[in-house]
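Enquirer: how would this look folded up:
(chains A and B)
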Amino acid sequence: MSKGWDPGLVLSWTVAVIVAGAFCWLLGDVFWNGLGRVNWQFLTEAPRDAGRSGGIGPIIVSTMLILLVCMAASLPLGVGAAIYLSEFTDSEVGFGRMIRRSLEVLSGVPSIVFGLFGSAFFCIYLGLGFSILAGGLTLACMVLPILIRATEEGFRSVPSEYRLGGAALGMSRTRRLLYLSFPAALPSVVVGFVLGLGRAIAETAALIFTSGYVDRMPSSLFDSGRALSIHIFDTSMNVSGGEAQAYGTAVVLVFTLLSINLAASWITDRWLYRESIGS
Amino acid sequence: MFQFSSDTILFGVLRLCAIAAGSVLLLVFVFLVVESWPALSNVGLVRFFSDESWHPAGENGLFNLLPMLWGTLFVTAGSVLIATPLGIFSAIFCHYYAPSWMARVYRRLIELLAGIPSVVYGLWGLVVLVPLIRELQPPGPSLLAGIVILTLMILPTIALMADAAISNVPKQYLHSAAALGLSRWSTIIGVVVPAARSGLFAGVILGTGRAIGETMAILMVCGNVVQTPSSLFDPIRTLTANIALEMAYALNDHRSALFFSGLLLLLLIIVLASLAETVRVRGEVNV
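Expert: Numbering: from 1, shown residues only, chains lettered A, B, ... in the order given. Prediction:
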């Protein structure tokens, strides 16, 4: 302290200013250029002229359908697997360890590799073709590790008194799970769900060869449908003069993600906090 | 009796879920191997690295993946080298230099950025960054653009992991350092960083994995010319971008070769994951 010169002070402030500056630039640019495009018409109309004008109505619908398929497939599977891993296995040995390692690697697999897998497995092997169903299922494989990690943590942090107390009252394991552990772990399940949703809605590469590019309103889950992120990619890269529309779509996407993140942190702060105080 | 059977059913169903979730990775691996098999048997492993160029379509295709491998390697190495100090200093800033309200805001910002879609980074890169680099030295879409964008994308990952690692440094260490009269900076360099090193390293590995696998942003800012770059301003094409660009029209051996490059990416990620696991186990033993 006597010297007064602290290189860390200068370095860390410089880094913080650079990082914060770069990110404000990025977000500011997106909102500055895109916010003006977003209105009711933009959100509801169909794209015209390859996406140069018109809106993104069908694209929002396709995105929601893809997310619906993704969460409908991954939620039951993920929660089931998380309950099994937390309640019935030891995380560091044997079967539990194997599954956990496999999920850890899975969470690092590049999205383009999921795209290749999805196109070979769901589109061709299972015969789903370019469809919302294939895209949603591919995303389900991707979000599974995120969902399981969050949910598993929730179940692990349920106090063991709950289980022991339930067992002392003669409750079966099923009933203990349903009436004691599950309600106590529910906030974590919701957090896992929200995080998974965030990952899925941000995804592009895994969808290019699974749910496809078609920007019409989908009439069933077997139709190809274009997600918001793919629309941004396509209008900015492949359509000259489509950048304005890309910015508008990016604002919608970023805004949705911001709300999702806010929801997740609100749940963690309020709900989980109250739970732990309450017990 | 009834209770026993309902428990058994539940146990069975849950176990099945766990097995299904655990076997997704296996399924991905198997499908990549099966799909890349035609290329491996018709073209052979060696030609992926020794052919004259990458012209995979048609009868006598050429399958040299090396330029793309170099592309992936350069862009990953560049971004990890820049993002690592930035990320670690971000975490140090939050813990030791920022006023607590600012640390909270800064952390939120970083968390937020970890969730921004890669295509939004790509859009910004394409519209803002690439023209700036073009001013500096044409053509604009380049290795440099890729490195800058990837740095921004993996920085949150490294910063958040470093933040967690620094939080986990035992308080006694800090008290002892204070008792020895070490300055704040000496405490950070001499005590905190060494104590947190396994966590810091894990963050860097995670960031590296993310950089290797990133597709959309790279596809949008790197120019996608198949060549081994000789300067920072040369356009490059990475393995991931190559898959995204050519999958739509690839046939036969060409398609299979793309699956092979996907398999390479998967193997790289598995190696990185094992490395992370080793570091984690080592770290636990040391502490």
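
Enquirer: so where's chain B uncertain?
Expert: Within chain B, the stretches with pLDDT under 70 are B:1-4, B:284-287.

Enquirer: Next, the contact list for the most centrally placed residue in it, please.
Expert: In chain B, the centroid-proximal residue (CA atoms, centre = their mean) is residue B:210; its distance is 1.7 Å. Neighbour list for residue B:210: A:108, B:153-154, B:157 [criterion: CB atoms under 8 Å, 6 or more residues apart in numbering or on different chains]. For the C-beta atoms, the positions are set from N, CA and C on the backbone; glycine is no exception.

Enquirer: Against chain B, how distant is residue A:225?
Expert: 17 Å (CB to the nearest CB, to the nearest Å).

Enquirer: if we can go back for a sec, buried only: go through the contacts of residue B:210 for me.
Expert: Using 16 or more other CB atoms under 10 Å in any protein chain shown as the burial test, those include A:108, B:153-154, B:157 as buried.

Enquirer: ok, so of the residues you listed, who is nearest residue B:81?
Expert: The shortest gap between residue B:81 and any of the buried ones among the contacts of residue B:210 belongs to residue B:154, at 11.0 Å (CB to CB).

Enquirer: Which residue is the nearest non-sequential neighbour of that closest one?
Expert: Leaving aside its chain neighbours, residue B:154 sits nearest to residue B:207 (3.9 Å; criterion: CB to CB, 6 or more residues apart in numbering or on different chains).

Enquirer: Could you report the neighbour count for residue A:238?
Expert: Neighbour count for residue A:238, taken as other CB atoms under 10 Å in any protein chain shown: 11.

Enquirer: And for residue A:125?
Expert: Using other CB under 10 Å, the number of residues around residue A:125 comes to 12.

Enquirer: That one: what's it in contact with?
Expert: Contacts for residue A:125 (CB under 8 Å, 6+ apart) come out as residue B:31.

Enquirer: Please state the backbone phi and psi of it?
Expert: phi -60, psi -50 (degrees, to the nearest 10).

Enquirer: returning to that earlier point: any idea how far the residue nearest to the centre of chain B is from residue B:203?
Expert: Here the criterion is CB to CB, to the nearest Å. By it, residue B:210 lies 11 Å from residue B:203.

Enquirer: Overlap in contacts, these two.
Expert: residue B:157.

Enquirer: Spell out which residues of the stretch 151-279 of chain A are next to chain B.
Expert: The stretch 151-279 of chain A comes close to chain B at residues A:172-174, A:177, A:198, A:201-205, A:208-209, A:229-230, A:232-233, A:236-237, A:243, A:246-247, A:250, A:253-254, A:257-258, A:260-261, A:265, as judged by CB under 8 Å from any CB of the partner chain.

Enquirer: Mark which of those are buried, thanks.
Expert: In terms of neighbour count (16+ other CB under 10 Å), the buried residues within these are A:172-174, A:177, A:198, A:201-205, A:208-209, A:229-230, A:232-233, A:236-237, A:243, A:246-247, A:250, A:253-254, A:257, A:260-261.

Enquirer: about what we covered before: so the residue nearest to the centre of chain B belongs to a helix, correct?
Expert: Yes. Assignment of residue B:210 by DSSP: H, G, I helix; E, B strand; the rest coil places it within a helix.

Enquirer: Kindly tell me how buried whichever residue of chain B sits closest to chain A is, as a neighbour count.
Expert: Residue nearest to chain A within chain B (CB to the nearest CB): residue B:213, separated by 2.5 Å. Residue B:213: 26 surrounding residues under other CB under 10 Å.

Enquirer: is the longest helix seen in chain B up against chain A anywhere?
Expert: Of all segments of type helix in chain B, defined using DSSP state H, the longest is helix B:2-42. Yes. Helix B:2-42 comes into contact with chain A (CB under 8 Å from any CB), by way of B:3, B:6-7, B:10-11, B:13-28, B:31-32, B:34-35.

Enquirer: So what touches stretch A:71-86?
Expert: A:91, A:96, A:99-100, A:136-137, A:139-141, A:143-144, A:147-148, A:151-152, A:154-156, A:177, A:181, A:189, A:192-193, A:196-197, A:200, B:13-18, B:20-22.

Enquirer: May I have it as PDB, with CA atoms only?
Expert: The C-alpha trace of stretch A:71-86 is given here as PDB (Å, rounded to 0.1, in the frame of the first residue of the first chain):
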ATOM      1  CA  MET A  71     -39.000 -28.800 -24.700                       C
ATOM      2  CA  ALA A  72     -41.800 -31.400 -25.000                       C
ATOM      3  CA  ALA A  73     -39.100 -34.000 -25.900                       C
ATOM      4  CA  SER A  74     -36.300 -33.000 -23.600                       C
ATOM      5  CA  LEU A  75     -38.200 -32.000 -20.400                       C
ATOM      6  CA  PRO A  76     -39.700 -35.400 -19.400                       C
ATOM      7  CA  LEU A  77     -36.500 -37.200 -20.500                       C
ATOM      8  CA  GLY A  78     -34.200 -34.700 -18.800                       C
ATOM      9  CA  VAL A  79     -36.100 -34.500 -15.500                       C
ATOM     10  CA  GLY A  80     -36.500 -38.300 -15.400                       C
ATOM     11  CA  ALA A  81     -32.700 -38.700 -15.900                       C
ATOM     12  CA  ALA A  82     -31.900 -36.000 -13.400                       C
ATOM     13  CA  ILE A  83     -34.100 -37.600 -10.700                       C
ATOM     14  CA  TYR A  84     -32.400 -41.000 -11.400                       C
ATOM     15  CA  LEU A  85     -28.900 -39.500 -11.300                       C
ATOM     16  CA  SER A  86     -29.500 -37.500  -8.100                       C
END
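
Enquirer: So which bits of that stretch are buried?
Expert: A:71, A:73-75, A:77-86.

Enquirer: Kindly report the same for stretch B:118-134.
Expert: Neighbour counts over stretch B:118-134 (16+ other CB under 10 Å) mark B:118-127, B:129-130, B:133 as buried.

Enquirer: cool, and stretch A:157-166?
Expert: A:158, A:162-163, A:166.

Enquirer: In CSV, list the residues you listed along with secondary structure.
Expert: CSV is the format used below for the buried residues of stretch A:157-166 (three-state DSSP):
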residue, secondary structure
A:158, coil
A:162, helix
A:163, helix
A:166, helix
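
Enquirer: Farthest-apart pair in those residues, please.
Expert: Greatest spatial distance in those: A:158 and A:166, 10.7 Å, computed using CB to CB.

Enquirer: Find residues that contact each of the two.
Expert: residue A:180.

Enquirer: Find the residue closest to the residue of chain B closest to chain A in space, skipping its chain neighbours.
Expert: residue A:110 (2.5 Å).
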